[in-house]
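**Student:** quick one, what's the 3D model for this:
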Amino acid sequence: MAKHGKKYRAALAKVDVTKTYDPREAIRLVKETSYTKFDATVEVHLRTNLDPRQADQQIRDVVVLPHGLGKQVRVLVFAQGEGAAAARAAGADVVADDDETIAKIQGGWLDFDVAIATPDMMGKVGRLGRILGPRGLMPNPKAGTVVSAADLPRVIAEAKAGRVEFRLDKTANIHAALGKVSFDEQKLYENMAAFMEAVRKARPAAAKGSFIKRVTLTSTMGPGIKVDPNLAQSMEVGE
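**Tutor:** Next up, the predicted model:
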C-alpha cells in the first residue's frame, strides 16, 4: 500500500475517525482538510444495505443540485433533424447527428460530461454501449437522458445547471459530486440536502429498515469524514 503524504496526514489529524459528525460539521471539515492547489470537488459516498443483484433493489435517478457543481458541464446530444436544431439552439456543446461523431467516440473520443439522446437515435447509440456504459455516459430513459426533441432544451439546461445522475453500484454504494470546496458551507449543505432527499425518494420498496448504513463526505484527495446517517437522511433544503 502506498503511504500517504505529509499534507494528507496533516489533514487527517484534524478528523476524529471514531466520530460521526453532523452534516454541517462534516462540510466545515471537508473544506478545512482540502489541501490541493486546485479547487477540489466535494463528494458524498453512501453505503446501503441493498442487494445490487436483486432487480427490485436498484436505484437509478437524477437530482438537479440547487447551486450546481461549480464546473462547466460539456453536453453531447445524439439527435437529427428538428432534434439536432433544438439541441444546438439550447446550447449543446456537441450535436452528434452523423456517423462521423459516433465513429469518433468508438475511436476513444470522450470529451464530454453528459450524453443525451432522442429515441430515434438509440439504434445507433446502442453500438456505443461498451464505451459509454462503464463511464456512466450511456443515455438511458430511467435517468431522463433519452428524451423527445421538445424536451431537449429543458434537459440540456438542467445538465448544465448541475443535474447529477446517481445509481447503486455493484458493491451497494452510491457516489455523487456535490460541488466545489470553494462553495460556502450553506451552498454545500443545500446541495447535499437536495441529493439526500432525492435518494430518500428513490428508495426501493424492497429496502429493509434504515437502508443507508454509512455516509462519508470527502474532497478530491482529502480524508473521508463520517456523517451521522440519521441526520444526513433528515436534511432539508433551506435549513
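
**Student:** using CSV, write out every CA atom in the helix or strand containing Ala176.
**Tutor:** Using DSSP states H and E, Ala176 maps to strand 173-180. Written as CSV, here are the backbone C-alpha positions of strand 173-180 (Å, rounded to 0.1, in the frame of the first residue of the first chain):
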residue,chain,number,x,y,z
ASN,A,173,-22.7,2.0,-2.8
ILE,A,174,-23.9,5.3,-4.2
HIS,A,175,-21.5,8.1,-5.2
ALA,A,176,-22.1,11.7,-6.2
ALA,A,177,-20.3,15.1,-6.5
LEU,A,178,-21.9,17.9,-4.5
GLY,A,179,-19.9,21.0,-5.7
LYS,A,180,-16.5,22.6,-5.1
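
**Student:** helix, strand, or coil at Asp61?
**Tutor:** Three-state secondary structure (criterion: DSSP: H, G, I helix; E, B strand; the rest coil) places Asp61 in strand.

**Student:** from Met122, how far out is it?
**Tutor:** Per C-beta to C-beta, to the nearest Å, Asp61 is found 20 Å from Met122. Yep, even glycine has a C-beta here, placed from its N, CA and C like the rest.

**Student:** residues contacting the residue lying closest to Gly162 once chain neighbours are set aside?
**Tutor:** Once flanking residues are discounted, Gly162 sits nearest to Gly68: 3.3 Å by C-beta to C-beta, 6 or more residues apart in numbering. For Gly68, the contacting residues are 161-162, 179, by C-beta atoms under 8 Å, 6 or more residues apart in numbering.

**Student:** restrict those to the buried ones and give me that as a PyMOL selection.
**Tutor:** Here is the PyMOL command that selects only those of the contacts of Gly68 that count as buried (16 or more other C-beta atoms under 10 Å):
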select buried, resi 162+179
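
**Student:** now the contacts of Gly68 in JSON lines, with pLDDT?
**Tutor:** Rendered in JSON lines, the data for the contacts of Gly68 read as follows (pLDDT from 0 to 100):
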{"residue": "Ala161", "pLDDT": "84"}
{"residue": "Gly162", "pLDDT": "81"}
{"residue": "Gly179", "pLDDT": "93"}
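
**Student:** how about the strand holding Ala176: buried residues?
**Tutor:** Taking 16+ other C-beta under 10 Å as the neighbour-count basis, strand 173-180 is seen to contain the buried residues 173-174, 176-180.

**Student:** show me the helices in the chain, by range?
**Tutor:** 6-12, 23-32, 82-89, 99-106, 122-125, 129-132, 152-161, 185-201, 229-233 (DSSP state H).

**Student:** would you turn these into a markdown table with distance to Pro223?
**Tutor:** Formatted as a markdown table, the entries for the helices of the chain read as follows, by distance: least, C-beta to C-beta, whole Å:
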| stretch | distance to Pro223 |
| --- | --- |
| helix 6-12 | 4 |
| helix 23-32 | 9 |
| helix 82-89 | 41 |
| helix 99-106 | 36 |
| helix 122-125 | 39 |
| helix 129-132 | 32 |
| helix 152-161 | 30 |
| helix 185-201 | 17 |
| helix 229-233 | 18 |
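
**Student:** ok, which of the ones you listed comes nearest Ile212?
**Tutor:** helix 229-233 (5.1 Å; C-beta to C-beta).

**Student:** on contacts alone, who are the packing partners of the closest one?
**Tutor:** Counting by 3 or more C-beta pairs under 8 Å, 6 or more residues apart in numbering; DSSP states H and E, the packing neighbours recorded for helix 229-233 are helix 185-201, strand 212-219.

**Student:** Serialize these to CSV and add fields for mean pLDDT and mean neighbour count.
**Tutor:** Putting the helices and strands packed on helix 229-233 into CSV (pLDDT from 0 to 100; neighbours: other C-beta atoms under 10 Å) gives the following:
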stretch, mean pLDDT, mean neighbour count
helix 185-201, 95, 20
strand 212-219, 95, 20
